[in-house]
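> Provide a 3D model corresponding to the input given below.
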Amino acid sequence: MFNPRLGQTTMMTLNERIAEDMKTALKGGERTKLETLRTVRAQILELSKRGTDNPVTADDEVNVLRTAIKKRKEAIELYTQAGRMDLAEKESRELEIIQSYFPKQLDAGEIEREVERILKTLGVLSFRDFGKAMGAVMKELKGKAEGGMVQDVVKRKLGA
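From the prediction side, this is the model:
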């Protein structure tokens, strides 16, 4: 976003982006999108009121999205098992909206290459160093890849 006062482009925080998209959804009559974004924004705002001196970071915002995504996936599964396809469909629409704000995730091939590179840099060769390897890999891939998928790749690379 270009800021004319500063004469430069500034990055919007997730919270700011959601606030802007809420206005657009309200004007466009997109009820599901508006309700979903209100829920996510409320969770982010709740973090800012947590009573600490630390401001909400981009990682905090991504964690809110990750939690919201996980909840929607669980709800979809439960509603599907119960035969409530109408509610499962609603949760699916909300999931799509939330995922559009989530940082781009690495695909399986990219995860493999990153894990190989990190293991090589660390000099990790055996499963004995699994904890050390996972710590380093997750630190680097945090927010870019699902933990379970990364864990499977690390185990496979270390011969577990």
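> going along the chain, name the helices of the chain.
Shown for the chain, the helices assigned by DSSP state H span residues 14-28, 31-48, 58-81, 85-99, 108-122, 130-141, 147-157.
> okay, those helices in JSON lines with mean neighbour count and mean pLDDT next?
(Each C-beta comes from the backbone N, C-alpha and C, glycine too.) JSON lines is the format used below for the helices of the chain (neighbours: other Cβ atoms under 10 Å; pLDDT from 0 to 100):
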{"stretch": "helix 14-28", "mean neighbour count": "15", "mean pLDDT": "92"}
{"stretch": "helix 31-48", "mean neighbour count": "16", "mean pLDDT": "92"}
{"stretch": "helix 58-81", "mean neighbour count": "16", "mean pLDDT": "91"}
{"stretch": "helix 85-99", "mean neighbour count": "16", "mean pLDDT": "95"}
{"stretch": "helix 108-122", "mean neighbour count": "15", "mean pLDDT": "89"}
{"stretch": "helix 130-141", "mean neighbour count": "16", "mean pLDDT": "87"}
{"stretch": "helix 147-157", "mean neighbour count": "16", "mean pLDDT": "87"}
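> quick check: pLDDT value at Gly51.
pLDDT, Gly51: 64.
> now swap in the one 4 residues further on and tell me
Pro55 is assigned a predicted lDDT (pLDDT) of 79.
> ok, the nearest residue to it once chain neighbours are set aside to Glu35 distance?
Closest residue to Pro55 apart from its sequence neighbours, by Cβ to Cβ, 6 or more residues apart in numbering: Ser48 at 7.3 Å. Separation of Ser48 from Glu35 (Cβ to Cβ, to the nearest Å): 21 Å.
> same deal with Ile44?
Distance, Ile44 to Glu35, using Cβ to Cβ: 15 Å.
> now Leu78
Counting by Cβ to Cβ, the gap from Leu78 to Glu35 is 20 Å.
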